[in-house]
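1. What would the 3D arrangement of this be:
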Amino acid sequence: MRPIQDILSAFNSANLEDRIRYNLDSVVEKEVKAAYNASHLENAARCMDYTSLRLTDTADTIRNFVTDLLKKLKKFELPAVAAVCVFPKYAGIAREMLQSTGIRTAVVAGNFPTAQTFTEIKLAECRKAIEAGAEEIDTVLSVGDLLEKNYEAVYEELCAIRETCQGVTLKIILETGELKDIETIFNASLIAAYAGANFIKTSTGKVPVNATPESVYAICEAIRQYHEQTGRRVGLKAAGGISKAQTVIRYMTIVRHVLDESWLTPATFRIGASHLMDDLVKEIKALPKEEQGINLRML
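-> As a prediction, this is how the structure comes out:
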């Protein structure tokens, strides 16, 4: 395979920041209002990675977390979320509790959230997580190497992680809030795609700036161009500080605008969130009955 730097040169990021700003202000915002309906809110729940990544997590709190999720889905007659995301040591607990639900078990691995350790340790943690029951791995690329433009090092390590995670959905986290500019986010997305990512994820949720409309748009544009050149579909996961339905609808509108409606399924779109479910329910119930479209039980 050609050096990743040569591959990147075949993609167009010229004036991307200006294009993103124009489209967000002039096009996307006009589409958001029309997209704010129960069908899209329900789909947001369906595409959610329901997440608990707290310093204070224990086996008992994870059991309670999953139990609470299942109760909410039943109470409000919502569709199953895409996955539950936890630390690797709790993969077995989540997997056992989610049997027969259709909800997948995801974990963060590879020295989350900093990725600042040896590649061998990252690979070992991914292997252990999969052995424990993880069906999906969320891992952070080497942000320091990326900022130094050591693209080959970033790419080679991600390829090694992909090899270790054969048969498992791999989400590569860019930590976009630390990447400083749109072009770097664009290039990082392409590196992740070529390394075999199933999803490109914005953020860990552990830094001051996480998912933003600009970063989501830049990743979508990289995915679009990558799909045009390779025919392979890569998904997007927006994560970090997403607790409001309005935010999710905005991100879904960007995906629809840059890619198309077909990307908005759990196979190619995810939302990482810990506190979003209640707001989705509240917003659906606030719609006129004829617009709700789904049967939410009253509290």
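2. can we go C-alpha only for contacts and neighbour counts from here?
-> Fine.
3. Just read off the phi/psi values of the spatially most central residue of the chain.
-> Residue closest to the mean C-alpha point of the chain, counted by C-alpha atoms, centre = their mean, is Lys237 at 1.8 Å. Dihedral pair for Lys237: phi -120, psi 120, per degrees, to the nearest 10.
4. hang on, it packs against Ile200?
-> Yes. Between Lys237 and Ile200 there is a contact under C-alpha atoms under 8 Å: 6.0 Å.
5. list residues touching both of those two?
-> Common contacts of Lys237 and Ile200 (C-alpha atoms under 8 Å, 6 or more residues apart in numbering): Lys171.
6. Now do the same contact list for the residue lying closest to Lys89 once chain neighbours are set aside.
-> Using C-alpha to C-alpha, 6 or more residues apart in numbering and skipping the chain neighbours, the partner closest in space to Lys89 is Ala129 (7.2 Å). Ala129 makes contacts with 88-89, 91, 107, 109, as judged by C-alpha under 8 Å, 6+ apart.
7. how close does Ala129 sit to Val248?
-> Distance of Ala129 to Val248, given as C-alpha to C-alpha, to the nearest Å: 29 Å.
8. Thr117: what's it in contact with?
-> By C-alpha under 8 Å, 6+ apart, the residues touching Thr117 are Asn111.
9. From Ala109, how far out is it?
-> Distance from Thr117 to Ala109, by C-alpha to C-alpha: 12 Å.
10. residues contacting the residue nearest to the centre of the chain?
-> By C-alpha under 8 Å, 6+ apart, the contact set of Lys237 is 171, 199-202, 269-272.
11. Now with 7 Å, please.
-> Going by C-alpha atoms under 7 Å, 6 or more residues apart in numbering, Lys237 touches 199-202, 269-272.
12. Keep only those of these that are in helices.
-> Among those, no member is found in helices (DSSP state H).
13. Show me what the closest residue to Trp263 other than its chain neighbours is bridged to.
-> Nearest non-adjacent residue to Trp263, counting by C-alpha to C-alpha, 6+ apart: Phe269, 6.3 Å away. When bridges are called by DSSP bridges, Phe269 pairs up with Leu236.
14. Let me know the secondary structure of Val27.
-> Recorded secondary structure, Val27: helix (DSSP: H, G, I helix; E, B strand; the rest coil).
15. tell me the contacts of it?
-> By C-alpha under 7 Å, 6+ apart, Val27 has no neighbours at all.
16. Roughly how far does it sit from Thr114?
-> The value you get for Val27 to Thr114, if C-alpha to C-alpha is used, is 35 Å.
17. In contact with Ala195: list those residues for me.
-> Shown in contact with Ala195 (C-alpha under 7 Å, 6+ apart): 155, 158-159.
18. tell me the pLDDT at it?
-> pLDDT, Ala195: 98.
19. do the same with Leu280
-> At Leu280, the model reports a pLDDT of 95.
20. and it, that one's in a strand?
-> No. Counting by three-state DSSP, Leu280 falls outside a strand, being helix.
21. who's in contact with it?
-> Leu280 neighbours (C-alpha under 7 Å, 6+ apart): 41, 245.
22. how close does it get to Lys244?
-> Taking C-alpha to C-alpha, one finds Leu280 at 7 Å from Lys244.
23. for Asn187, same thing?
-> Using C-alpha to C-alpha, Asn187 is found at 29 Å from Lys244.
24. what about the stretch 151-299 of the chain, any weak spots by pLDDT?
-> By pLDDT under 70, the weakly predicted segments of the stretch 151-299 of the chain are 289-299.
25. Number of residues surrounding Ser9?
-> Other residues within reach of Ser9, judged by other C-alpha atoms under 10 Å, total 10.
26. Give me the pLDDT for it.
-> 93.
27. what do you get for Pro3?
-> On the pLDDT scale, Pro3 is placed at 90.
28. so how far is Ile191 from the residue nearest to it when sequence neighbours are not counted?
-> Leaving aside its chain neighbours, Pro3 sits nearest to Glu152 (7.1 Å; criterion: C-alpha to C-alpha, 6+ apart). Glu152 sits 9 Å away from Ile191, going by C-alpha to C-alpha.
29. between those two, which one's more packed in?
-> Per other C-alpha under 10 Å, whichever of Glu152 and Ile191 has more neighbours is Ile191, with 27 against 15.
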